[in-house]
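> Sequence below, structure please.
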Amino acid sequence: MTLGLLDGKPLPRAALDHRLAALRTGARSTALPQPGSSEDRQLTRWVAQVLLTEALCETVATERDLPVRAAGPARLDQQAAVELGSITAAAYEGSAAVRAVYAAVTADVEPSADDIAHYRTLTARPPSTVWHLALPDGDLDADPDTLPTALAEALREAPAGTWVTAGPWTAALRSVHTTSEDRDPTADLTEADRRAAFVRWLDHERARRLTLVEGLEHPGDPAQPDNHHRH
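Numbers count the residues shown, from 1 in each chain. Predicted structure coming up:
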């Protein structure tokens, strides 16, 4: 039985059955859909596409003679997982070959000067004022706009370092400084651009080299040659 075709060559279904069995006996088995349900069939197809992605990248890594370092699973943050898509994210986390191909495909991706300038325009924030306060039980950094109005007014009127009391609050203003959010966005933009580039490359390679077999939801059914379609 066949999972799919890679460059026209069949990939055994055994890997799919093994991966599904591991999921159904794993720590999160209770969160999986009921066997035989439509959701279970969707899960089967999803796992199959993860496996095909891994197989494709293993072949590409061999073709390019990429170093594939044996390592445990990687973990993507939520934004990265969303940008890659659930199938690619799962393959990236679970396969060192996928990560090696990702690194090779995206090695030269860098944001343009226009991209960086546009990002700065969208995310620019005015400097904010921070008060360093002394309180009876310790020091505190605070935005003056977040303080009780009466206390903030009393602190503004008093000389620096003078203890004031306004209602139930007592404090002294030790110092004032401003903070800027003008952080270099290059690293964040580079990773986002790399993920987008990898998704485009992978979509092209999947369409060109992979075929997913129909009827994967039924492990007893042999693959039929006329029931293939591209993914």
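> Tally up the residues packed near the closest residue to Gly85 other than its chain neighbours, please.
Using C-beta to C-beta, 6 or more residues apart in numbering and skipping residues adjacent in sequence, the residue nearest Gly85 is Val199, 6.7 Å away. Every residue, glycine included, has its C-beta placed from N, CA and C. Val199 is surrounded by 14 other residues when neighbours are defined as other C-beta atoms under 10 Å.
> where's Val199, which helix or strand?
In the assignment (DSSP states H and E), Val199 maps to helix 186-209.
> could you give me the average pLDDT of whatever helix or strand comes next after that helix?
The C-terminal neighbour of helix 186-209 among helices and strands, as given by DSSP H and E, is strand 210-213. Average pLDDT, strand 210-213: 88.
> hmm, back to that, in the helix holding Val199, which residues are buried?
Leu189, Thr190, Glu191, Ala192, Asp193, Arg194, Arg195, Phe198, Leu202, Glu205, Arg206, Arg209 (16 or more other C-beta atoms under 10 Å).
> Tell me the one of those nearest Arg120?
Sorting these by distance to Arg120 puts Leu189 at the head of the list, at 10.1 Å, by C-beta to C-beta.
> Tell me how far that closest one lies from Arg24.
When distances are taken as C-beta to C-beta, to the nearest Å, Leu189 and Arg24 turn out to be 40 Å apart.
> Could you pick out the longest helix of this structure?
Using DSSP state H to define each element, the chain has its longest helix at helix 38-63.
> on contacts alone, who are the packing partners of that one?
If contacts are counted by 3 or more C-beta pairs under 8 Å, 6 or more residues apart in numbering; DSSP states H and E, helix 38-63 sits against strand 2-6, strand 9-12, helix 14-24, helix 86-94, helix 96-105, helix 186-209, strand 210-213.
> I'd like the next helix or strand past it.
By DSSP H and E, the next helix or strand past helix 38-63 is helix 78-84.
> Just give the nearest non-adjacent residue to the residue nearest the centre of the chain, would you?
The geometric centre of the chain, computed from its C-alpha atoms, lies nearest to Ala80 (C-alpha atoms, centre = their mean), at 2.0 Å. Of all residues not flanking Ala80 in the chain, Arg195 sits nearest, at 6.3 Å (C-beta to C-beta, 6+ apart).
> Pretty sure that neighbour sits against Leu84.
Yes: counting by C-beta atoms under 8 Å, Arg195 does reach Leu84; the two are 5.5 Å apart.
> Output the longest strand belonging to this structure.
Counting residues, the longest strand in the chain under DSSP state E turns out to be strand 169-179.
> How about residues contacting that strand?
When contacts are taken as C-beta atoms under 8 Å, 6 or more residues apart in numbering, the neighbours of strand 169-179 outside the stretch itself are 127-136, 139, 148, 150-151, 155, 158, 160-164.
> In helices, which of these appear?
Among the contacts of strand 169-179, the members falling in helices are Ala150, Leu151, Leu155 (criterion: DSSP H).
> neighbour-wise, which of those residues leads?
For the ones in helices among the contacts of strand 169-179, neighbours were counted by other C-beta under 10 Å; the highest total belongs to Leu155, with 22 neighbours.
> per-residue confidence for the nearest residue to Pro148 once chain neighbours are set aside?
Leaving out its chain neighbours, the residue that sits closest to Pro148 by C-beta to C-beta, 6+ apart is Trp169, at 5.7 Å. Looking at Trp169, its pLDDT reads 91.
> Perfect, that will be all.
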